[in-house]
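Enquirer: Okay, predicted coordinates and the sequence, questions at the end:
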Amino acid sequence: MTENSFAVFVQISIGAIFIQNFVLSRFLGLCPFFGVSKKLSTAVGMGLAVTFIMVISTIFTWTFNKYVLMEYEIEHLQTISFILIIATFVQVIEMAIKKYSPTLYDSLGVFLPLITTNCAILGVTLINIEGNKYTGLPFTFAEATVHSFMSGAGFLLALVLMAGIRERLELANVPKAFEGLPIAFISAGLIAIAFFGFSGMSIGG
Amino acid sequence: MIYKFMQELKRGVFTENPIFVLALGLCPTLGVSTSVENGIGMGIATTLVLICSNAMISIFKDLIPDRVRIPCFIVIIATFVSVVQLLIKAYFPEIDTYLGIFIPLIVVNCIIFARAEAFAAKNSVLPSITDGLVMGIGYTVALVVLSALREFLGANRLLGLSVIPGYSPMTIFVLAPGGFFTIALVLAIINSFKLRGKK
């Protein structure tokens, strides 16, 4: 690995976790973000499951895009083939985990069916095809994998932060009209403002 | 006939509004509601997909085995999303650059899936089309409300025209955090009306 490519990996990682956080700046994966952020333990489980599926589906969709869709110039089938690949692998992984690691299945299993229709997964695979704004070239395989792993890490971070706040909110005295979802949105907005501070760090893009 | 349609419309826009009441499909809602034009574009695209997929699913509902219905629905929805995506790319390239990744993401929009599962898979073709239409209109209305608020507060403009001369807008409302604040405020206003109604 040359020094240059290492710098690109660092840029991608910081960009994916802080500057363009999946939830707080790109608005992807909001449903699980508000749905499972009531308890810290479930939030961690969901975040890990999403990261895992993001990396796996990126590996398959990137390869499929490069060697099948681009090879035969049928890129307009991208959406439909990607969602099928994701749905298939979520199913396969669910069955595999259930068979080989029942303990892992108990902690992650409940989230897996939800993940197929999570826009963060389809989102990351599509963004990986769009290209790397730091180098101006399409993502290489390694870059795409790193990007999706780091995006998952960013999702996990946002989810954990949110869960921590919501556990406290349970005890807080909230105006009646703001109870439930509205106050969760306000908290998310405040976290987003904090993350917005990172946008000054965007390098070369 | 018209009366019945108005009843349905009321259901889609008010009592069962996909965004404000059911809180479905939040990601594209917050992602694209930075200007009214984007909101309308996204609303129409989603409505088209919703009508077509609802129609198709209700036609084939007896042929699709129950156990594999979810993959079948996904394929049907994804097909129509690709069609809409290609149409927008060909005829409205500007909208395509603004909405970007959110057009293919209509596939995983919970609204479409929820309507397919809850309505189209149980009803015949015509009611399903009506359901798709009214839910799409409800979604579009909600998007327009949100994006109008954000465009006005954040850029002092509506549909690209400036509103109050000399007023300096709060830019935060067109940026990411503003999206969260706007929907929180709208939901809180709706809640307070509901609470008042109960008293």
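Expert: Looks like it came in fine.
Enquirer: since we're on the nearest residue to residue B:173 once chain neighbours are set aside, how many residues are nearby?
Expert: Counting by Cβ to Cβ, 6 or more residues apart in numbering or on different chains, residue B:173 lies nearest to residue B:154, which is 3.2 Å off, once chain neighbours are set aside. Every residue, glycine included, has its C-beta placed from N, CA and C. When neighbours are counted by other Cβ atoms under 10 Å in any protein chain shown, residue B:154 registers 20.
Enquirer: Distance check, residue B:154 against residue B:171.
Expert: From residue B:154 across to residue B:171, the span is 6 Å (Cβ to Cβ, to the nearest Å).
Enquirer: cool, residue B:79 as well?
Expert: Using Cβ to Cβ, we find residue B:79 at a distance of 40 Å from residue B:171.
Enquirer: which residues touch residue A:179?
Expert: Counting by Cβ atoms under 8 Å, 6 or more residues apart in numbering or on different chains, residue A:179 touches residue B:191.
Enquirer: Tell me the predicted confidence for it.
Expert: On pLDDT, residue A:179 comes in at 81.
Enquirer: how much space between it and residue B:191?
Expert: Residue A:179 is 8 Å from residue B:191, where distance means Cβ to Cβ.
Enquirer: hey, what's in contact with both of these two?
Expert: Counting by Cβ under 8 Å, 6+ apart, residue A:179 and residue B:191 have no common neighbour.
Enquirer: Lowest-scoring secondary structure element of chain B by mean pLDDT?
Expert: Sorted by mean pLDDT, DSSP states H and E, the helices and strands of chain B end with strand B:161-162, the least confident at a mean of 75.
Enquirer: Stretch B:173-184: which residues count as buried?
Expert: By neighbour count on 16 or more other Cβ atoms under 10 Å in any protein chain shown, the buried set for stretch B:173-184 is B:173-184.
Enquirer: brain fart, stretch A:79-88
Expert: Buried residues in stretch A:79-88, counted by 16+ other Cβ under 10 Å: A:79-87.
Enquirer: and if you look at stretch B:78-87?
Expert: B:78-82, B:84-85.
Enquirer: of those residues, list those near chain A.
Expert: With Cβ under 8 Å from any Cβ of the partner chain as the criterion, the buried residues of stretch B:78-87 include B:78-79, B:81-82, B:85 near chain A.
Enquirer: Turn those into TSV, columns for pLDDT and secondary structure.
Expert: Output for these, formatted as TSV (pLDDT from 0 to 100; DSSP: H, G, I helix; E, B strand; the rest coil):
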residue	pLDDT	secondary structure
B:78	91	helix
B:79	92	helix
B:81	92	helix
B:82	92	helix
B:85	90	helix
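Enquirer: what's the helix or strand for the residue nearest to residue A:131 when sequence neighbours are not counted?
Expert: Spatial nearest neighbour of residue A:131, excluding adjacent residues (Cβ to Cβ, 6+ apart): residue A:138 at 4.8 Å. Under the criterion DSSP states H and E, no helix or strand holds residue A:138.
Enquirer: Please report how far residue A:138 lies from chain B.
Expert: Using Cβ to the nearest Cβ, to the nearest Å, one obtains 15 Å as the distance from residue A:138 to chain B.
Enquirer: What spatial separation is found between that residue and residue A:66?
Expert: To residue A:66, residue A:138 is 9 Å away according to Cβ to Cβ.
Enquirer: Just the buried positions in the helix or strand of chain A with the lowest mean pLDDT, please.
Expert: Across the helices and strands of chain A, mean pLDDT, DSSP H and E gives its lowest value to helix A:112-116, namely a mean of 72. Buried positions in helix A:112-116, judged by neighbour count with 16+ other Cβ under 10 Å: A:112, A:114-116.
Enquirer: Kindly identify which of those residues also come near chain B.
Expert: Checked against chain B using Cβ under 8 Å from any Cβ, those yield the following neighbours: residue A:116.
Enquirer: quick one: which of the buried residues of helix A:112-116 is nearest chain B?
Expert: Within the buried residues of helix A:112-116, the smallest distance to chain B is 7.8 Å, found for residue A:116 (Cβ to the nearest Cβ).
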